[in-house]
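**Student:** coordinates only, no sequence provided:
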């Protein structure tokens, strides 16, 4: 078997970031035979990311040798310690944020300087993170001087603050001022509003998030995990992101709310936070009724919109189309928006159809694990689309992906939708097309696992015709059986 194929199999088998068990698996793979060892060494991505829970006895030279096998692939180090109980100071050597761990991380970073591209840290709160920051200053300069630190060359950084939030509202005293000066990609996990960070969840409304302007202006990619209420955190986090191209906001599956009667909030929602260069916007784990957060955003250069709701949410009585279409109109991104990905949505078919029929410029559409209400199944979406005028049936569509369909998804209206895009009649077993070549080039369909069911779309006449004569690529997965 070619080394490249073996390498792909190894990548599929192993996680992206290797903890101790996965590292041992990779070592054992190389012991099988010489061809497996060669394939593993040639697959640079296998060696590009390491994760540790305890850094005190990690040999820096071995880590360096390991990561060097990744070649030119960006290299990552992840430190996610076990749970840390509440504490007043970080001086206990047994703590994950204590002096031994902090010193070990600083020493490791010094030995890996120039090798790492990305670092991920998990801390209980701001004071724990500060103990790491202090050690980074000490290892190079013998003081807390920030003239040069071993992590300064980093381009990407992830910080997870899990339980506490006691950051100063004064941006001049913010711990974020001490982040590496060259990072352009930042992932920040803020404490859950129901955690120890706040006495009550609603106390998160108005909590300060003092991210420095110098940091925000550098970022081209920003991922923010936050379920705080209000709009203060939005303004603090996004107000200065003038060069941001990719924005991902994860709402942690909880309800977001704001007081729309507050003057500052009212002003923000009336105009929207301007994200002048954002091309990709992802809203993840969002509560359906919180989709109105789109009222606070404006992205005139948007190309891709990706909305993921909470899995298994069965709330159907909410408005979707109004907020999405108002966001597009306010952003004036009709000339650039081309891709729309919707995942885990439980909604009425008419809401989805209203949305899609007003986005005629889309070229790529992905609908994943979409469930309709009891009256109108998801497959009814295509029946209702067929009732729309041709220019409201996604006339520019090139790629359609329907993922994780329910096994009993009715293919009739989907096949009629496909046929409507380029009508034909069969003469002597050969189709005679009555319209011009359609924009659609690819259809991908996958199904959820089920015990006893068989998909019939792959053998449908319109699929066979468009595949053989219409120039459309079809990728239709089987219904996977489970015992």
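**Tutor:** Here it is on my side, so go on. In this text the structure is predicted, and so the values were computed from the model without any measurement.

**Student:** for the rest of this, base every contact and every neighbour count on C-alpha atoms.
**Tutor:** OK.

**Student:** ok now do the spatially closest residue to residue 37 that is not a sequence neighbour, which residues does it touch?
**Tutor:** Leaving out its chain neighbours, the residue that sits closest to residue 37 by CA to CA, 6 or more residues apart in numbering is residue 30, at 4.0 Å. The contact partners of residue 30, by CA atoms under 8 Å, 6 or more residues apart in numbering, come to 36-38, 40.

**Student:** any of those residues buried? List them.
**Tutor:** Neighbour-count burial (16 or more other CA atoms under 10 Å) is assigned, among the contacts of residue 30, to 36-37, 40.

**Student:** okay, and which of these map to helices?
**Tutor:** 36-37, 40 (DSSP state H).

**Student:** quick check: what element follows the lowest-mean-pLDDT helix or strand in the chain along the chain?
**Tutor:** None of the helices or strands of the chain scores lower by mean pLDDT, DSSP states H and E than helix 126-141, at a mean of 70. Downstream of helix 126-141, the next assigned helix or strand under DSSP states H and E is strand 156-161.

**Student:** quick one: strands adjacent to that following strand?
**Tutor:** Strand pairing for strand 156-161, using DSSP bridges, gives strand 118-123 (parallel), strand 185-189 (parallel).

**Student:** what lies in contact with it?
**Tutor:** Here strand 156-161 has contacts from 117-126, 183-191, using CA under 8 Å, 6+ apart.

**Student:** picking up where we left off before, now, which of the buried ones among the contacts of residue 30 sits nearest residue 274?
**Tutor:** residue 40 (45.9 Å; CA to CA).

**Student:** which pLDDT value belongs to that closest one?
**Tutor:** With respect to pLDDT, residue 40 scores 94.

**Student:** tell me the mean pLDDT over stretch 459-476?
**Tutor:** Averaging pLDDT along stretch 459-476 gives 84.

**Student:** just stretch 324-334 next, same as before
**Tutor:** Averaging pLDDT along stretch 324-334 gives 96.

**Student:** what's the spacing between that stretch and its chain's center?
**Tutor:** 21 Å (CA atoms, centre = their mean, to the nearest Å).

**Student:** so which bits of it are buried?
**Tutor:** Neighbour counts over stretch 324-334 (16+ other CA under 10 Å) mark 324-325, 327-328, 330-334 as buried.

**Student:** quick one on the thing from earlier: dump the buried ones among the contacts of residue 30 to TSV, plus distance to residue 267.
**Tutor:** Output for these, formatted as TSV (distance: CA to CA, whole Å):
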residue	distance to residue 267
36	61
37	61
40	56
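
**Student:** out of the residues you listed, which is nearest to residue 58?
**Tutor:** Of the buried ones among the contacts of residue 30, the one sitting nearest to residue 58 (CA to CA) turns out to be residue 40, at 22.7 Å.

**Student:** who touches that closest one in this structure?
**Tutor:** Here residue 40 is in contact with 6-7, 10, 26, 29-30, 46 (CA under 8 Å, 6+ apart).

**Student:** give me the residues contacting the strand or helix carrying residue 233.
**Tutor:** Residue 233 belongs to helix 232-238 when elements are defined using DSSP H and E. With CA under 8 Å, 6+ apart as the test, helix 232-238 has contacts from 205-211, 216, 273, 275.

**Student:** any idea what the closest residue to residue 467 other than its chain neighbours is bridged to?
**Tutor:** Of all residues not flanking residue 467 in the chain, residue 473 sits nearest, at 6.0 Å (CA to CA, 6+ apart). With beta bridges defined as DSSP bridges, residue 473 has these partners: residue 442.

**Student:** for residue 473, give me its contacts.
**Tutor:** Neighbouring residues of residue 473 by CA under 8 Å, 6+ apart: 441-443, 467.
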